[in-house]
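Participant: got a structure for you, letters missing:
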Ligand SMILES: NC(=O)c1ccc[n+]([C@@H]2O[C@H](COP(=O)([O-])OP(=O)(O)OC[C@H]3O[C@@H](n4cnc5c(N)ncnc54)[C@H](OP(=O)(O)O)[C@@H]3O)[C@@H](O)[C@H]2O)c1
């Protein structure tokens, strides 16, 4: 059994690689910088005796996905699933962000994931195949920073919900986690009101659930309460409240 992890060089992706390798799963690890993937590959191969292939890829570029994933049998043979712990943010992702960066954010966090899944739906329609996506609580509400990142994450969540309807007719096993802040680089140094989630813990949860037909949940769990409140309270009220406390 082999799994592809897109965004495997740090944070959650790196931890997922360790969790899956410990359970003797062979892996294909993808990220832009191969210098970060190579030490992970050496460590996992020597510790757990699994086969690891690395791909240096800019996932926001569809041609690279065609060439480095979809045209490589070394990646596709015996593939049992794909996980997308990729997260790409631009520095000043506000209302006046340039279109090149908007394109990169929307493609890396949404369009390319959608594209690869649609190809995998055709390629692996005759076998069980796991697909795991990771959203963000930043996608729950409009905001004044990381605007396009949040929009892409919201689109991704909607896309995974649509997969739930589609996979009733197929052998696809689809899971989606809406993540709150984790103890990784993305949230390093940020002042937060709620405790951060632990990547080791969520990696183990993801591994345990990888054969579920459809699962959608928050991690850490307390974000489900925030998510529920944001769904039932009218947006205007939330907006006025935020303006009032600021
Ligand atoms: N950390 C948090 O607090 C938090 C909160 C909510 C949601 N999330 C979500 O949880 C997931 C994991 O987050 P994390 O903190 O582990 O992120 P991270 O440490 O920043 O890791 C992101 C991974 O994505 C890869 N990546 C980024 N842009 C890429 C591109 N264009 N092409 C290929 N690979 C790319 C990075 O490698 P390269 O840079 O080498 O490409 C890295 O391996 C993400 O989906 C994130 O959006 C995180």
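Facilitator: Happy to help now that I have it. Being a predicted model, the structure only gives us computed values, none of them experimental.

Participant: make it CA atoms for all contacts and neighbour counts henceforth
Facilitator: Will do.

Participant: what does this structure have sitting close to the ligand?
Facilitator: Proximity of the chain to the ligand is confined to 7-13, 31-33, 57-60, 85-88, 108, 134-137, 179-182, 184-187 under the rule CA under 6 Å from any ligand atom.

Participant: now, those residues that are in helices?
Facilitator: Those of the residues of the chain next to the ligand mapping onto helices are 11, 12, 13, per DSSP state H.

Participant: for the longest helix along the chain, which positions count as buried?
Facilitator: Longest helix in the chain, counting residues (DSSP H): helix 147-166. Neighbour counts over helix 147-166 (16 or more other CA atoms under 10 Å) mark 147-157, 159-161, 163-164 as buried.

Participant: same check on stretch 93-102?
Facilitator: 93, 94, 101, 102.

Participant: now the last one. Nearest residue, chain neighbours left out?
Facilitator: Pointing back at residue 102 there. Spatial nearest neighbour of residue 102, chain neighbours left out: residue 148 (6.5 Å); criterion: CA to CA, 6 or more residues apart in numbering.

Participant: and the one you found, how far from residue 185?
Facilitator: 19 Å (CA to CA, to the nearest Å).

Participant: three-state assignment of residue 173?
Facilitator: strand (DSSP: H, G, I helix; E, B strand; the rest coil).

Participant: residue 110 too?
Facilitator: Following three-state DSSP, we place residue 110 in the helix state.

Participant: contacting residues for it?
Facilitator: 152, 153, 155, 156 (CA atoms under 8 Å, 6 or more residues apart in numbering).

Participant: ok, 10 Å please
Facilitator: 60, 86-87, 104, 135, 149, 151-157, 159 (CA atoms under 10 Å, 6 or more residues apart in numbering).

Participant: do the same with residue 1
Facilitator: So residue 1 contacts 24, 25, 26, 27, 77, 78, 79, 80, 81 (CA under 10 Å, 6+ apart).

Participant: pLDDT score for it?
Facilitator: pLDDT recorded at residue 1 is 90.

Participant: burial measure for residue 196, as a count.
Facilitator: By other CA atoms under 10 Å, the residues close to residue 196 number 16.
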